[in-house]
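Asker: For reference, the sequence and a predicted model appear below.
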Protein chains: 2
Amino acid sequence: MSDAPSTRTALASPASPSDTAHGTHHSGSIPIQVTPQALKVVCSNCNLRELCMPMGLNDAQLQRIDEVVATRRKVKRGATLFRNGEEFTSLYAIRTGFFKTCVATEDGRDQVTGFQMAGEIIGLDGIVNDQHTCDAVALEDAEVCVMPFDRIEELSREVTALQSHVHKIMSREIVREHGVMLLLGSMRAEERLAAFLLNLVQRLHTRGFSQSELVLRMTREEIGSYLGLKLETVSRTFSKFVEEGTMEVKQRHVRIIDPDALRRLVNPQNCG
Amino acid sequence: MSDAPSTRTALASPASPSDTAHGTHHSGSIPIQVTPQALKVVCSNCNLRELCMPMGLNDAQLQRIDEVVATRRKVKRGATLFRNGEEFTSLYAIRTGFFKTCVATEDGRDQVTGFQMAGEIIGLDGIVNDQHTCDAVALEDAEVCVMPFDRIEELSREVTALQSHVHKIMSREIVREHGVMLLLGSMRAEERLAAFLLNLVQRLHTRGFSQSELVLRMTREEIGSYLGLKLETVSRTFSKFVEEGTMEVKQRHVRIIDPDALRRLVNPQNCG
DNA sequence: CGCACGGTTGACCTGTATCAAGCCGGGTGG
DNA sequence: CCACCCGGCTTGATACAGGTCAACCGTGCG
């Protein structure tokens, strides 16, 4: 709801071979194909391609697309991929790991603007002023594909599908943020947390993880910042969900028992 | 602060010849040039060009840019330019008038996601799914330039400056929304209203209007929706500002007496 | 083993929502 | 031209969600 999942095609192969990365994998319904070529550092062989690159390209176009990724870069947990004020040069496609992006006021308050996982693109904020306006922090060891933006622009003048893809990615981010504004502007704590969890689990499911179990990579405080709540409120709301039998929560491990209860919270009128 | 004004070049000529449109004009420091050519329906002669089109183009490129605008469209006050669910075909550059965009939940709650004025572009939300995901409603009689998106894409493959411009516009919108998230997630009522007014007056100033006086085109309820507050809270907060001598408010007419007081509210640490 | 950080829970407080009454001003019709 | 009406706005009284402050716990890491 606070995302735009509808255009994202279902992913046949999971994003990450590590099944402890974000959550719990399906009980085998989707086979994990770790082909030898998957190790090659090109988009055309990347099993995340369907998440971050356009589809329906022919081989020649795929070859061109490979030119977009200049290098890979590893980011340790807690380190920043980029910071507010740093020069903008590239977009980053997340290969593995989990990020948060946050903006800050001059007086120290900060606001998490999003959590990003494998296959998602970060850095779009930097385009307008040629410098980043937020921090991107890895919440677990991560690896990203570095895609110099001038190269993206150059190539997207030639490959129409890439051009369209870039536009859609930016538009999707705008629509996602509309959803967050709706959440922050008009929902109560329970609804916010419910929407957040449904969104997370949905994105993880797209990547081959369980629909009902997930491991949170962020603290209660970070969740609270994202949702416009204090960490105590996040904690209490989790406890409430547990009391009501909607989910089990053990630290950062969450198992959703009654997803419909969450959906009813987010969509009050459907509770007939 | 919740906008990204820094890259927007100062505008030499005001957006609209009507000085009752949004606020009060400068006391004559900036001459209003209504040239005969201004009536011609092309970007190259539009005095809003510097707001919505790339700069530093040569004549040939300017000619091409003119091809982007297919037609003009008038939208009466209260009417919609587009609605959630409608097919996306075009972006719109506002020539005159004032819009709000809003998203809605299925159960009727809605959230104003932004207010747009002359020179700004709306419709970006529609790109990702080829249909609009919000409503754009004119808050006063308006006129927009209709720019079919396929034409924009086509042309921006050839004119690098246009390509870059489109990317910057989308990125700017993303950054603006980050600012709104910060506002909704971490500010109190007074700070929100202060930030809102400062942002509005700054954008109006860029268009040749007064820095201190403005006429609100939206109701208290719409301001409240945008700021995540109820209309009563917006009204009370206005009253508080008036009591404190920060501004004069008479219905929708606002005169800011002490802008620094507002800035201090938004940036608490600068109140030394 | 113990420390430190993250998380939980309780008691209390406050900012904003809610409900309600009345006001103001602009537009309409007599 | 005036009276009325209605939508938008203001203001007051009260309720409540979530914030704040504080104590404690658990767990994972050094």
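Answerer: Right, received. Where do you want to start?
Asker: which stretches of chain A have low pLDDT?
Answerer: A:1-41, A:269-272 (pLDDT under 70).
Asker: Stretch A:254-268 and DNA strand D in contact?
Answerer: No. Against DNA strand D, stretch A:254-268 shows no contacts by C-beta under 7 Å from any atom of the strand, the least distance being 11.4 Å. Quick note: C-beta positions are derived from backbone N, CA and C, even for glycine.
Asker: How about stretch A:170-188?
Answerer: Yes. Counting by C-beta under 7 Å from any atom of the strand, DNA strand D is contacted by stretch A:170-188 at A:Arg188.
Asker: Show me which positions of that stretch end up buried.
Answerer: A:170-187 (16 or more other C-beta atoms under 10 Å in any protein chain shown).
Asker: number of nearby residues for A:Asp59?
Answerer: 8 (other C-beta atoms under 10 Å in any protein chain shown).
Asker: That one and A:Ser44: what is the separation?
Answerer: 8 Å (C-beta to C-beta, to the nearest Å).
Asker: What of A:Asp66?
Answerer: Going from A:Asp66 to A:Ser44 by C-beta to C-beta gives 6 Å.
Asker: Quick check: residues of chain A near DNA strand C?
Answerer: A:216, A:219-221, A:231-232, A:234-236, A:238-239, A:249, A:251-252.
Asker: rerun that using 10 Å as the cut-off
Answerer: When proximity is defined as C-beta under 10 Å from any atom of the strand, chain A approaches DNA strand C at A:78, A:185-186, A:188, A:216-224, A:230-240, A:242-243, A:249-254.
Asker: Can you select the buried ones among these for me in ChimeraX?
Answerer: The buried residues among those can be selected in ChimeraX (16+ other C-beta under 10 Å) with this line:
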select /A:185,186,216,217,218,220,222,223,224,233,234,235,236,237,238,249,254
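Asker: Can you flag which of the residues of chain A next to DNA strand C belong to strands?
Answerer: Among these, the members falling in strands (DSSP state E) are A:249-250, A:253-254.
Asker: OK, contacts around the nearest residue to A:Ile65 once chain neighbours are set aside?
Answerer: Leaving aside its chain neighbours, A:Ile65 sits nearest to A:Cys43 (5.2 Å; criterion: C-beta to C-beta, 6 or more residues apart in numbering or on different chains). Under the criterion of C-beta atoms under 8 Å, 6 or more residues apart in numbering or on different chains, the neighbours of A:Cys43 are A:49, A:53, A:62, A:65-66, A:68-69, A:145.
Asker: Distance check, the residue of the stretch 1-150 of chain A found nearest DNA strand C against A:Thr219.
Answerer: Closest to DNA strand C within the stretch 1-150 of chain A is A:Gly78: 9.2 Å, counting by C-beta to the nearest atom of the strand. For A:Gly78, the distance to A:Thr219 (C-beta to C-beta) stands at 12 Å.
Asker: same deal with A:Ala189?
Answerer: Counting by C-beta to C-beta, the gap from A:Ala189 to A:Thr219 is 17 Å.
Asker: What residue spans form the domains of chain A?
Answerer: A:17-176, A:185-270 (automatic domain parsing).
Asker: quick one, phi psi at the residue nearest the centre of chain A?
Answerer: Centroid-nearest residue in chain A, with C-alpha atoms, centre = their mean: A:Gln116, separated by 2.8 Å. Backbone torsions of A:Gln116, given as degrees, to the nearest 10, read phi -120, psi 140.
Asker: State the distance from A:Gly114 to DNA strand D.
Answerer: The spacing between A:Gly114 and DNA strand D, counted by C-beta to the nearest atom of the strand, to the nearest Å, is 19 Å.
Asker: list the contacts for that residue?
Answerer: Contacts of A:Gly114 (C-beta under 8 Å, 6+ apart): A:100-101, A:176, A:180, A:226.
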